[in-house]
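Novice: any chance you can model this:
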Amino acid sequence: MLFEDPQSSKTAFYVAILSVLMTLISIVIFCVETLPDYSKSHCSDNEAPNFLDPFFIIETICTGWFTIEAIARFISCPDKIDFWKDFKNIVDVTAVLPYYWTLFNVLYTMSCAGAKTSASLSFLRVIRLIRVFKLTKHSVGLQVLLLTFRASLEGLGLFLVALMVSLLVFSSAVYYAEYGNPESHMKSIPDAFWWAIITMTTVGYGDKVPLGVMGRMIGAACAITGVLTLAIPVPIITGHFNRFYSHKTGRGRHM
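Specialist: Numbering: from 1, shown residues only. Here you go, the predicted structure:
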């Protein structure tokens, strides 16, 4: 298929390069337009939409390309049901929906307020960023990572169970250790969840800390347990990664 294998022909190769460039440009625009100098300048309330705005033009070009690409792949796919079972196809279709929803709101209201109303829905803006997964079609490294995490789901599930158990134990322990201290940062067990997860992952923001001696001892045990818990999925993920990397690069054939 033209949009599937970059090595099938020169045309497919150039199409793949163009698709990668469009994806990178759209991601850069997605990030740049949130800068204070641009977020308030290219679209103001009570103003008519400026369809000549550079951000709008670039986003329209990129979305138009992604739309054509998705339609072409859908038309050329022999089994339409299998088309929707492919994660890459779902990403392609989902990534363009926020643009058309925002454009509909703008055309309906003929004001920038329509764009900001739809853009204020956080999930719409996050969905636009999902197009970064389009790069997996052209990057062996990203494909290896996705295959690795998919094969490591069972091990990651074990890690999450251990993490949740430790989270409950240490958040409860530190809450009761600090109970009765009027200056305690742990107002409840759910409130201590944040402290426990930050401590176990060795981030340590310091916004919530145990104040008593017993609380600090529990905090030390929580940090040590977190390091050991984080080590659980490492050999599993490493083993799957080495296997998929050898298969994708062909190095395993000569070993």
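Novice: mind exporting stretch 222-242 as PDB, just the C-alpha atoms?
Specialist: Output of stretch 222-242 as PDB, limited to C-alpha atoms (Å, rounded to 0.1, in the frame of the first residue of the first chain):
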ATOM      1  CA  CYS A 222       8.700   3.900  51.900                       C
ATOM      2  CA  ALA A 223      11.600   5.300  49.800                       C
ATOM      3  CA  ILE A 224      13.600   2.100  50.000                       C
ATOM      4  CA  THR A 225      10.500   0.000  49.200                       C
ATOM      5  CA  GLY A 226       9.800   2.200  46.200                       C
ATOM      6  CA  VAL A 227      13.300   1.700  44.800                       C
ATOM      7  CA  LEU A 228      12.900  -2.100  45.100                       C
ATOM      8  CA  THR A 229       9.400  -2.000  43.600                       C
ATOM      9  CA  LEU A 230      10.500   0.100  40.600                       C
ATOM     10  CA  ALA A 231      13.100  -2.600  39.900                       C
ATOM     11  CA  ILE A 232      10.500  -5.300  39.300                       C
ATOM     12  CA  PRO A 233       9.600  -4.500  35.700                       C
ATOM     13  CA  VAL A 234      13.100  -3.600  34.600                       C
ATOM     14  CA  PRO A 235      14.400  -7.100  33.700                       C
ATOM     15  CA  ILE A 236      11.100  -8.000  32.100                       C
ATOM     16  CA  ILE A 237      11.000  -4.900  29.900                       C
ATOM     17  CA  THR A 238      14.700  -5.300  29.100                       C
ATOM     18  CA  GLY A 239      14.300  -8.900  27.900                       C
ATOM     19  CA  HIS A 240      11.400  -8.000  25.600                       C
ATOM     20  CA  PHE A 241      13.200  -5.000  24.300                       C
ATOM     21  CA  ASN A 242      16.300  -7.000  23.400                       C
END
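Novice: mind listing what's buried along it?
Specialist: Cys222, Thr225, Gly226, Thr229, Ile232, Pro233, Ile236, Ile237, His240, Phe241 (16 or more other Cβ atoms under 10 Å). For glycine as for every other residue, the C-beta is placed from the backbone atoms N, C-alpha and C.
Novice: and those, which is closest to Gln143?
Specialist: Gln143 lies nearest to Phe241 out of those, by Cβ to Cβ, at 11.7 Å.
Novice: among the buried residues of stretch 222-242, which are located in strands?
Specialist: When DSSP state E is applied, these are split such that none fall in strands.
Novice: take those and write them to CSV, including pLDDT and distance to Leu167.
Specialist: CSV is the format used below for the buried residues of stretch 222-242 (pLDDT from 0 to 100; distance: Cβ to Cβ, whole Å):
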residue, pLDDT, distance to Leu167
Cys222, 89, 9
Thr225, 90, 10
Gly226, 88, 9
Thr229, 86, 10
Ile232, 80, 14
Pro233, 81, 16
Ile236, 81, 21
Ile237, 81, 21
His240, 77, 26
Phe241, 81, 27
